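Colleague: below are the sequence and a predicted model; questions follow.
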Amino acid sequence: MALMQRLRSSFFVLGTNYAKWTSSQVILARAVSTMQPLSKKNEVTITFVKANGERIKAKGKVGDSILDIVVNNDIDLNGYGACEGTLTCSTCHLIFPKDVYDNLPAKPTDEENDMLDLAQEQTDTSRLGCQITMTEELDGIEVRVPAGINDARVS
């Protein structure tokens with residue numbers, strides 16, 4: 001607590017006399033930062049396996065949804081993400097390997113399950129890509145893209 005009070009008063013003094021800062025004072029100020037450290041690995045990869053066997057590898061960032069990765073990499077998946085992630089279609093339906101599905105960071109919501117009920121080729125490991133946020137733990141996953149899509153908005 002005393003250290004923080006000294007730092008606050010130092011910042012006030014330094015802040016008003018910023019022209020007198022030395023590089024050692026700036027380094028000291030940075031050394032006591034309370035910000036979270038940056039992620040060691042900010043980039044993630046995902047491989048989409050289409051029904052015809054074609055494999056498409058794409059890169060994204062930790063925190064991106066799978067829909068973001070498809071859009072940002074301009075991947076042609078025939079109507080994928082038609083509702084832009086608003087949970088009003090099932091066009092971003094993906095099928096995950098069981099071990100990946102079991103370790104996804106969040107479970108499907110009732111709204112997502114309602115949309116999945118309308119998806120073609122639904123399985124026990126189906127999810128909507130717009131609802132999956134990539135983490136470092138998901139880096140390198142492969143997901144299967146069903147052959148057909150069902151846009152629930154058009155029914």
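Modeller: It's in. Residues are numbered from 1 along each chain as shown.
Colleague: next, count neighbours for Ala82.
Modeller: 16 (other Cβ atoms under 10 Å). Bear in mind the C-beta positions are built from the backbone N, C-alpha and C, glycine included.
Colleague: would you confirm that it contacts Val71?
Modeller: No. Taking contacts as Cβ atoms under 8 Å, Ala82 lies outside contact range of Val71: 11.5 Å.
Colleague: quick one: Asp124 is in a helix?
Modeller: No. Under the criterion used here (DSSP: H, G, I helix; E, B strand; the rest coil), Asp124 is coil, not part of a helix.
Colleague: what about it, how many neighbours?
Modeller: Neighbours around Asp124, by other Cβ under 10 Å: 8.
Colleague: same question, Lys107
Modeller: 9.
Colleague: the one 3 residues further on too?
Modeller: Other residues within reach of Asp110, judged by other Cβ under 10 Å, total 6.
Colleague: same thing with Asp76?
Modeller: Applying other Cβ under 10 Å, we find 9 residues neighbouring Asp76.
Colleague: what's the helix or strand for it?
Modeller: Counting by DSSP states H and E, there is no helix or strand that carries Asp76.
Colleague: any idea how far it lies from Glu111?
Modeller: 27 Å (Cβ to Cβ, to the nearest Å).
Colleague: what do you get for Glu43?
Modeller: Taking Cβ to Cβ, one finds Glu43 at 30 Å from Glu111.
Colleague: helices of this protein, start to end?
Modeller: 2-16, 23-31, 66-72, 98-102, 110-116 (DSSP state H).
Colleague: great, nothing more from me.
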